[in-house]
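K.L.:
Let's see this in three dimensions:
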Amino acid sequence: MARDVSDATPIGARSELVEWIASGEKPRGSWRLGTEHEKVPFYTADASPVPYDGERGIRALLEGMESRTGWQPIMEDDHPIGLFDEGGGGAISLEPGGQFELSGAPLKTLHETAAETAQHLEDVKAVGERLGIGFLTLGMSPLWTRDQTPVMPKARYRIMTNYMPKVGKLGLDMMYRTSTVQVNMDYASEADMVKKLRVSLALQPIATAIFANSPFTDGKPNGFLSMRSHIWRDTDADRTGMMAFAFEDGFGYEAYVDWALDVPMYFVKRDSTYHDVAGASFRDLFAGKLPQLPGERATRSDWANHVSTLFPEVRLKRYLEMRGADVGGPEHIAALSAFWTGLLYDEAALDGAWELVKGWSAEERERLRADVPKFALNASIAGRPVRDVAGDALALARAGLARRGFLDDQGRDETRHLDFVEEIVASGRTQAERLLERYHGAWGGSVMPAFEECVF
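P.N.:
Residues are numbered from 1 along each chain as shown. Got it, this is the predicted structure:
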């Protein structure tokens, strides 16, 4: 998330929280997609991590991007911690370990989002090269220990860093050492949201399998194809996972709000101060009974910020966030957006996807979520190999994109953005498996070549 929200309007009733989510509804003609991706920076001279400060640090990278793009700085105290385009063109933010994130603008077509990614990478590589900084196309930092990983000067991350070890074993690895790509999708109504959420939750592990790309940790294979996805399973059970309740009869905005109200908070922001209330109840803040801040009552910004700290496999805000995939190169990033756009923005494809997953039980979905980080396309669900399910989902997505009929300046439709991952599913070999083959072969048992081959 690029910026925490500032809106001091008090919340007077639970119904306002429901209305906040419902306000995201848009007619089909106004649907957009927003692509976000993170990437780990490193010094190209010696593959060492990039600290925040210093002449060639993350701060200098942000300042260089500010000069090149004209985007405005996002400040915390006297530290630039991101940039945003006043014209609505997106934002850049820092993840806890210095992962450099582009939060893209809401765009109509995949051609536009691919062009946006290309422009951002052109900019960030131009600035990075002057500073001797490169960027990895991996879902997890492959070499440095957690202690060797830099820490960014953001108050919300300090609060989360203190809290994470209390609720899981791997939360700090999630924060400091992983990188993801996600796509944000619109919905037209509550019923449309529910259908899209159920389909995308069920298929999120399938996307994790297709895009698996984090097989190294601490300089060696970690035993997983998507270690990033495995890490999320031991981060914080209160706010992560497959949301089985979303498949229950009667699920909708209110049920999601009730779940969110019961997820412990991290912080309450007042003016520029982050108050550490980690583990406290939003219901107490809502009632003006939060022990850490007596008399304070919840505002719209408190709700928006709290919802941004929920981390299920698909997150509902005023749009839906697909959160299951490791990051990869530009084609990988575009393909994730293509996968979900084809499935969710075409009615026939969405119907077909629901037919694909509606028979899966909560236990089967959960087992799939547990198996995919290790086995990826070789896992199974309801007696079917994940590779076969992935092939069916990709076929639905391709047909959905073809029906959308958006052409680029060369007359090509959006289906071309799926070619990259269709080859992965056809071959049955994920990016992670190809990298492991190189590690055991041409790389000679070292991850150092990743800093030359797995870069933007």
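K.L.:
isn't Leu131 right next to Glu63, touching?
P.N.:
No: Leu131 sits out of contact with Glu63 when judged by C-beta atoms under 8 Å, with a separation of 10.2 Å. Bear in mind the C-beta positions are built from the backbone N, C-alpha and C, glycine included.
K.L.:
Compare these two (neighbour count), which wins?
P.N.:
Under the neighbour definition other C-beta atoms under 10 Å, Leu131 and Glu63 were set side by side, and Leu131 has more, 19 against 15.
K.L.:
wait, what's in contact with that one?
P.N.:
Arg56, Ala60, Leu61, Gly64 (C-beta atoms under 8 Å, 6 or more residues apart in numbering).
K.L.:
Then Arg404?
P.N.:
Contact criterion C-beta under 8 Å, 6+ apart gives Thr341, Gly342, Tyr345, Asp346, Asp413, Glu414 as the residues in contact with Arg404.
K.L.:
secondary structure element for Met322?
P.N.:
Take DSSP states H and E as the rule and Met322 turns out to sit in strand 320-326.
K.L.:
what's the nearest residue to Met243 if we skip its chain neighbours?
P.N.:
Closest residue to Met243 apart from its sequence neighbours, by C-beta to C-beta, 6 or more residues apart in numbering: Pro312 at 4.9 Å.
K.L.:
what's across from that neighbour in the sheet?
P.N.:
In this structure, Pro312 has the following beta-bridge partners (DSSP bridges): Gly241.
K.L.:
still on that earlier bit, quick one: list the elements packing against the helix or strand just after the strand holding Met322.
P.N.:
Moving toward the C-terminus from strand 320-326, the next helix or strand (DSSP H and E) is helix 330-344. The helices and strands touching helix 330-344, judged by 3 or more C-beta pairs under 8 Å, 6 or more residues apart in numbering; DSSP states H and E, are strand 33-43, helix 110-131, strand 180-185, helix 190-210, strand 320-326, helix 347-357, helix 386-404, helix 419-427.
K.L.:
Repeat the analysis, applying 7 Å as the threshold.
P.N.:
Where contact means 3 or more C-beta pairs under 7 Å, 6 or more residues apart in numbering; DSSP states H and E, helix 330-344 is packed against strand 33-43, helix 110-131, strand 180-185, helix 190-210, helix 347-357, helix 386-404, helix 419-427.
K.L.:
now it, how far from the chain's geometric center?
P.N.:
Computed by C-alpha atoms, centre = their mean, to the nearest Å, the chain-centroid distance of helix 330-344 equals 13 Å.
K.L.:
Just want the angle from that helix to helix 419-427.
P.N.:
With axes from the mean of the first three to the mean of the last three C-alpha atoms, to 10 degrees defining the directions, helix 330-344 sits at 80 degrees from helix 419-427.
K.L.:
quick check: angle from helix 330-344 to helix 190-210?
P.N.:
Going by the same axes, to 10 degrees, helix 330-344 makes 140 degrees with helix 190-210.
K.L.:
begin at 424 from here
P.N.:
Will do, 424 is the new start, and the previous item becomes helix 753-767.
K.L.:
quick one: contacts of helix 753-767?
P.N.:
Surrounding helix 753-767, the residues in contact under the criterion C-beta atoms under 7 Å, 6 or more residues apart in numbering are 456, 458, 460, 533, 536-537, 540-541, 544, 604, 606, 608, 619, 622-623, 630, 634, 745, 748, 772-773, 776, 816, 819-821, 823-824, 837, 840-841, 843-844.
K.L.:
Trp763: how many residues sit nearby?
P.N.:
Other residues near Trp763 number 29, with proximity taken as other C-beta under 10 Å.
K.L.:
Likewise for Glu552?
P.N.:
The local packing of Glu552 (other C-beta under 10 Å) involves 11 other residues.
K.L.:
got it, and Gln571?
P.N.:
Residues near Gln571, counting by other C-beta under 10 Å, number 14.
K.L.:
so it, which of the three states?
P.N.:
Following DSSP: H, G, I helix; E, B strand; the rest coil, the label given to Gln571 is coil.
K.L.:
can I assume it is in contact with Pro472?
P.N.:
Yes: assessed by C-beta atoms under 7 Å, Gln571 is found in contact with Pro472 at 6.2 Å.
K.L.:
what would the contacts of Arg827 look like in JSON lines with pLDDT?
P.N.:
As requested, these are arranged in JSON lines below (pLDDT from 0 to 100):
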{"residue": "Thr764", "pLDDT": "98"}
{"residue": "Gly765", "pLDDT": "98"}
{"residue": "Tyr768", "pLDDT": "98"}
{"residue": "Asp769", "pLDDT": "98"}
{"residue": "Asp836", "pLDDT": "98"}
{"residue": "Glu837", "pLDDT": "98"}
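K.L.:
want to try JSON lines for those, with neighbour count and distance to Gly591 as columns?
P.N.:
Below are these laid out as JSON lines (neighbours: other C-beta atoms under 10 Å; distance: C-beta to C-beta, whole Å):
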{"residue": "Thr764", "neighbour count": "28", "distance to Gly591": "32"}
{"residue": "Gly765", "neighbour count": "29", "distance to Gly591": "34"}
{"residue": "Tyr768", "neighbour count": "21", "distance to Gly591": "34"}
{"residue": "Asp769", "neighbour count": "20", "distance to Gly591": "37"}
{"residue": "Asp836", "neighbour count": "18", "distance to Gly591": "43"}
{"residue": "Glu837", "neighbour count": "26", "distance to Gly591": "38"}
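K.L.:
Export these as JSON lines, with columns for distance to Ala757.
P.N.:
Formatted as JSON lines, those follow (distance: C-beta to C-beta, whole Å):
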{"residue": "Thr764", "distance to Ala757": "10"}
{"residue": "Gly765", "distance to Ala757": "12"}
{"residue": "Tyr768", "distance to Ala757": "15"}
{"residue": "Asp769", "distance to Ala757": "18"}
{"residue": "Asp836", "distance to Ala757": "14"}
{"residue": "Glu837", "distance to Ala757": "9"}
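K.L.:
Just flag the most distant two among the residues you listed.
P.N.:
By the measure C-beta to C-beta, Tyr768 and Asp836 form the most distant pair in the contacts of Arg827, at 13.5 Å.
K.L.:
mind checking the end-to-end distance for stretch 601-613?
P.N.:
Length of stretch 601-613, first residue to last, C-alpha to C-alpha, to the nearest Å: 33 Å.
K.L.:
scratch that, stretch 838-852
P.N.:
End-to-end distance (C-alpha to C-alpha), stretch 838-852: 21 Å.
K.L.:
No further queries at this time; thank you.
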